[in-house]
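Undergrad: With the input below, show me the fold.
(one chain, ligands or ions: 1)
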Amino acid sequence: MQTEQLIQQIRTKKSFLCIGLDVDIKKIPNHLLKETDPIFEFNKAIIDATHHLAVAYKPNIAFYEAFGIKGWEALKKTINYINENYPELFTIADAKRGDIGNTSTMYAKAFFEDMEFDSVTIAPYMGKDSVEPFLAFKDKHTILLALTSNEGAFDFQTLKVGEVPLYQKVLETSKSYKNSENLMYVVGATKAEYLKEIRQIVPESFLLVPGVGAQGGSLEDVCKYGMTENIGLLINSSRGIIYASNGEDFADKAKEKALEMQQQMASFL
Ligand SMILES: O=c1ccn([C@@H]2O[C@H](COP(=O)(O)O)[C@@H](O)[C@H]2O)c(=O)[nH]1
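TA: This next block holds a predicted model:
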């Protein structure tokens, strides 16, 4: 998908909501457990109920890998379901990959060609040759971890490298990568106060912002400091939406939560 299509979708839906499909079998409603593929059935119901309120879906791959082959099958069915029924939606494989060049190429093939995601999250630690293989794919997006939402972000990401903190170095250096126009960045909603500086380095880039809801980040602060003329934000909420209820009404309750967020977002546009 081209960035322009994503921006158009945001303007049409008045939403920059990304729903995280972090499906834990222990948390999904009991009545789904009798289905052949409970994870897929859960995702399908959530997507059908919320697709008009969200512009992106982000399965975190860990939740699928944990179930082995059945988990991968559920993931594949989920991405196929989105691509066939709601092709306008932007899809993110939250996989946090990155390795030496030839291995990164294989990761990129897995998520862009086999799974047909629009984007994948990548850890920048191994540098340019670990990121560029992802950027080589046309109309696909690489989402680089910059300043993450967790407490551990302060262990390394904010440490100074010369004059500047490491996360700023990641932002600045990655702009020189080949096809860097297809780069987006992860910035945690819990780090909204850093967004002003981040926007000075990457004024136009889309930011994937997890950490609202369950992690306590503020949507208002993220919009205040991070929004651009083309919005430039995808705000993710996973647990706060998909586990709004564990009863038979789970999809309706998820829709209510998504609507609350969409309405808040519309007020910032
Ligand atoms: O800095 C980061 C990077 C990724 N995540 C992921 O986003 C979701 C957040 O889930 P919530 O339930 O809305 O807290 C999850 O998949 C994380 O692995 C992040 O939280 N922070």
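Undergrad: which parts of the stretch 101-250 of the chain sit against the ligand?
TA: Residues of the stretch 101-250 of the chain that fall close to the ligand, judged by Cβ under 6 Å from any ligand atom: 148-150, 186, 188, 210-211, 213-215, 236-240. Where C-beta positions appear, they are placed from N, C-alpha and C, glycine not excepted.
Undergrad: residues contacting the residue in the stretch 1-150 of the chain positioned nearest to the ligand?
TA: Using Cβ to the nearest ligand atom, Thr148 is the residue of the stretch 1-150 of the chain that sits closest to the ligand, at 3.1 Å. Shown in contact with Thr148 (Cβ atoms under 8 Å, 6 or more residues apart in numbering): Gln157, Val186, Gly188, Lys191.
Undergrad: same thing but 6 Å
TA: By Cβ atoms under 6 Å, 6 or more residues apart in numbering, the residues touching Thr148 are Gly188.
Undergrad: Next: Gln157.
TA: Gln157 sits next to Leu147, Leu166, Tyr167 when contact means Cβ under 6 Å, 6+ apart.
Undergrad: Which of these fall in helices?
TA: Within the contacts of Gln157, residues falling in helices by DSSP state H are Leu166, Tyr167.
Undergrad: Now do Asn85: how many residues are near it, please.
TA: Neighbours of Asn85 under the rule other Cβ atoms under 10 Å: 12.
Undergrad: wait, I meant Phe134
TA: Residues lying near Phe134 (other Cβ under 10 Å) number 28.
Undergrad: Same check on Glu65?
TA: Glu65 has 12 nearby residues by other Cβ under 10 Å.
Undergrad: so who does it touch?
TA: Gly71.
Undergrad: Next: Lys196.
TA: Tyr225.
Undergrad: just to revisit the earlier point, filter the residues of the stretch 101-250 of the chain next to the ligand down to the buried ones.
TA: Thr148, Ser149, Val186, Gly188, Pro210, Gly211, Gly213, Gln215, Asn236, Ser237, Ser238, Gly240 (16 or more other Cβ atoms under 10 Å).
Undergrad: Before I go, just wanted to say thanks for your time.
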